[in-house]
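*Asks:* Okay, structure incoming, though there's no sequence with it:
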Ligand SMILES: *Cc1c(COP(=O)(O)O)cnc(C)c1O
């Protein structure tokens, strides 16, 4: 499809091209100086003690679970209204997920009260997801975690550069995981970052990221080490230098681009105020990352006709998300799960285009198309 207005678009230019060329000319392609610099600068930007660059957010979430010692017999509480990787990462370890309900149509993030109702003696951790880059109720989640001695993992794939009470999303819990997939706020194609304030978690994540090996190719290349031992069952979850170099340029644009997304979001909110669609997160706190723009169609509007109408107008839309517990791969084991709020919201949700390089005129064009689609 040649969309007039795509759902998402990259903010790439000459600086990204120059960064890739720098790596190609340097002839060191994986986990070297660019990766270290990207980790350092990312950690500084969000005020994290440690940042560990990895191949994508899915493996960052897997490493987060492993570093926290989550495994068979354990349970982790997760939302169902999220990307499937959130729950899959828990299941890779042999642990099980328990799905918790969201707040409601005004706030699509996991509800602390719902989390509490899912706690069992097997619960090890809570995994929250900052939907669209809007903060979960982290004060309440952290209080709950302390009371029940649970770890907290933040799926921060939507929320790089977002803050709540001056503290970055991804740094509230024990581990935060970011995605640099092509359509995320900071894009490197594929890529991810695990952040933590805890030294031992960073150490474990670094070890497991590269086969559980005690020294890295880069160190041996630098003449710092001659051999290595393997001290754990590790993986190849590394990031390469081209992506790290792209990440450094994109990181420099992140906060300004998030602010731009915020302006466009505000324009959407005002333009759609009287349209009849539900507008989640208007009362959100903190400084969100405004990753995507979700609306909730009024009951009675057929979603697929609406999406077809938008498509005919050249506008790409999406759905965030089909709930995980209703996927075929989850259905049998999670047949008893009842999440009426999640299910209702998920049936009505449509995501409209939002990206930093979008113009006001394009937002207005989408608003007009939405209004016509509701008639
Ligand atoms: C994109 C995304 C992921 C997975 O990120 P990858 O980097 O593609 O592995 C996980 N959780 C959420 C909420 C996402 O949006």
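*Replies:* Good, I have the coordinates. Since we're looking at a predicted model, the values are computed, not measured.
*Asks:* Give me the helices and strands touching the helix or strand harbouring residue 143, please.
*Replies:* Assigned by DSSP states H and E, residue 143 belongs to helix 138-148. Other elements packing on helix 138-148 under the criterion 3 or more C-beta pairs under 8 Å, 6 or more residues apart in numbering; DSSP states H and E are helix 112-117, strand 123-129, strand 151-155. For glycine as for every other residue, the C-beta is placed from the backbone atoms N, C-alpha and C.
*Asks:* Tell me the residues of the protein that contact the ligand?
*Replies:* 56-58, 82-83, 85-86, 129, 155, 157-158, 179, 181, 192 (C-beta under 6 Å from any ligand atom).
*Asks:* Tell me which helix or strand residue 207 sits in.
*Replies:* helix 199-209.
*Asks:* Give me the pLDDT value at residue 36.
*Replies:* Note on residue 36: pLDDT of 97.
*Asks:* burial of it, as a residue count?
*Replies:* Neighbourhood size, residue 36 [other C-beta atoms under 10 Å]: 13.
*Asks:* just to confirm, which helix or strand has it in it?
*Replies:* Using DSSP H and E, the element containing residue 36 is helix 33-46.
*Asks:* tell me how far whatever helix or strand comes next after that helix is from the chain's mean position?
*Replies:* Following the chain from helix 33-46 toward its C-terminal end, the next helix or strand by DSSP H and E is strand 50-54. Offset of strand 50-54 from its chain centre (C-alpha atoms, centre = their mean, to the nearest Å): 15 Å.
*Asks:* Number the residues from 45 up from this point.
*Replies:* Happy to do that; since the first residue is 45 now, the last one works out to strand 94-98.
*Asks:* Show me the contact partners of strand 94-98.
*Replies:* 75, 79, 82-84, 86-87, 104, 107, 235-243, 245-246, 249-250, 253, 281-283, 288, 291 (C-beta atoms under 8 Å, 6 or more residues apart in numbering).
*Asks:* Against the ligand, how distant is residue 276?
*Replies:* 22 Å (C-beta to the nearest ligand atom, to the nearest Å).
*Asks:* Can you name the residues that contact that residue?
*Replies:* So residue 276 contacts 251, 252, 256 (C-beta under 8 Å, 6+ apart).
*Asks:* for residue 306, same thing?
*Replies:* 332, 334.
*Asks:* next one: residue 73
*Replies:* 67, 284, 285, 286.
*Asks:* repeat that for 6 Å
*Replies:* 284, 285 (C-beta atoms under 6 Å, 6 or more residues apart in numbering).
*Asks:* Could you measure from it over to the ligand?
*Replies:* 20 Å.
*Asks:* Likewise for residue 337?
*Replies:* 14 Å.
*Asks:* Over to residue 82?
*Replies:* On the measure of C-beta to the nearest ligand atom, residue 82 and the ligand end up 15 Å apart.
*Asks:* Check the contact between that residue and residue 293; I expect there is one.
*Replies:* No. Look at residue 82 against residue 293 with C-beta atoms under 6 Å: they stay out of range, at 9.9 Å.
*Asks:* Report the residue ranges of every domain in this protein.
*Replies:* 58-295, 299-417 (automatic domain parsing).
*Asks:* got the residue ranges for the helices in the stretch 245-394 of the chain?
*Replies:* Using DSSP state H, counting those that start in this stretch, the helices of the stretch 245-394 of the chain run over 261-265, 285-316, 347-356, 372-375, 384-392.
*Asks:* With respect to residue 162, which of those lies nearest?
*Replies:* Nearest to residue 162, of all those, is helix 384-392, at 13.0 Å by C-beta to C-beta.
*Asks:* Most neighbours of all the residues of the chain next to the ligand, which one?
*Replies:* In these, the most neighbours by other C-beta under 10 Å go to residue 199, 32 neighbours.
*Asks:* Please read off the pLDDT at that residue from the model.
*Replies:* pLDDT, read off for residue 199, is 98.
*Asks:* Next, name the residue at the spatial heart of this protein.
*Replies:* residue 201 (1.3 Å; C-alpha atoms, centre = their mean).
*Asks:* nearest spatial neighbour of that one, skipping sequence neighbours?
*Replies:* residue 223 (3.8 Å; C-beta to C-beta, 6 or more residues apart in numbering).
*Asks:* Got the phi and psi for that neighbour?
*Replies:* Per-residue torsions, residue 223: phi -120, psi 140 (degrees, to the nearest 10).
*Asks:* Return the set of buried residues in the least confident helix or strand in the chain by mean pLDDT.
*Replies:* Here the helix or strand of the chain ranked lowest by mean pLDDT, DSSP states H and E is helix 261-265, holding a mean of 79. Burial within helix 261-265, assessed by neighbour count using 16 or more other C-beta atoms under 10 Å, is assigned to 261, 262.
*Asks:* Stretch 411-419 too?
*Replies:* So, applying 16+ other C-beta under 10 Å, buried residues of stretch 411-419: 411, 413, 414, 417.
*Asks:* Restricted to strands, list these.
*Replies:* Using DSSP state E, no member of these sits in strands.
*Asks:* Nearest to the ligand among the residues you listed?
*Replies:* residue 414 (23.1 Å; C-beta to the nearest ligand atom).
*Asks:* From residue 347, how far out is that closest one?
*Replies:* As judged by C-beta to C-beta, to the nearest Å, residue 414 and residue 347 stand 13 Å apart.
*Asks:* so what secondary structure elements neighbour the helix holding residue 251?
*Replies:* Packed against helix 243-253 by the contact rule (3 or more C-beta pairs under 6 Å, 6 or more residues apart in numbering; DSSP states H and E) you find strand 94-98, helix 101-111.
*Asks:* Could you dump the ones you listed into JSON lines and include mean pLDDT and distance to residue 361?
*Replies:* Listed next are those as JSON lines, based on pLDDT from 0 to 100; distance: least, C-beta to C-beta, whole Å:
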{"stretch": "strand 94-98", "mean pLDDT": "98", "distance to residue 361": "30"}
{"stretch": "helix 101-111", "mean pLDDT": "98", "distance to residue 361": "23"}
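*Asks:* Cheers, nothing more for now.
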